[in-house]
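Participant: return a 3D structure for these sequence lines:
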Amino acid sequence: MPVARNAEKARSRAHRRPAETSRSALVHLPAAGCTEPVPPLPAGRQWSAVESRRWQELWTSPQATQWDETVTGTVAVLIVYEGAILSGAASAWMAAEARHAADALGLTPRALAALGWKIEAAR
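Facilitator: Now for the predicted structure:
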């Protein structure tokens, strides 16, 4: 039998609002991408030209409008994993971690939906 809601408790479910399901709850991302300055690549390794271009590409994506400096490590790790995957040197765990990083950054359609983000149509 379910436990009754206790409205006297501060964190009671009785005080929670229903999840917003309307389109107004979406965060609309600009199709043109992020115009903020691209942060420098993290120190600690030599980055290739391809990796530098990918870094620029990710930080100018529409999703980057929602990122701050705390995700630089995740973006860097994703780039390293992508390079390993594309070169055929990645292990299964690296591929899984790349998928998780891409989801955390909102780079997949499913992640966009889960985060409540929608890329605006280009005009």
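Participant: right, and the helix or strand after the longest helix anywhere in the chain?
Facilitator: Counting residues, the longest helix in the chain under DSSP state H turns out to be helix 72-87. Counting by DSSP states H and E, the next helix or strand C-terminal to helix 72-87 is helix 92-104.
Participant: show me what that following helix is packed against.
Facilitator: Secondary structure elements in contact with helix 92-104, counted by 3 or more Cβ pairs under 8 Å, 6 or more residues apart in numbering; DSSP states H and E, are helix 72-87, helix 109-115. Heads up, the C-betas are built off the backbone N, CA and C, glycines and all.
Participant: okay, buried residues for the first one please.
Facilitator: Right, the one you point to is helix 72-87. 72, 75, 76, 77, 78, 79, 80, 81, 82, 83 (16 or more other Cβ atoms under 10 Å).
Participant: got the contact list for residue 54?
Facilitator: Contacts for residue 54 were tallied using Cβ atoms under 8 Å, 6 or more residues apart in numbering; they are 79, 82.
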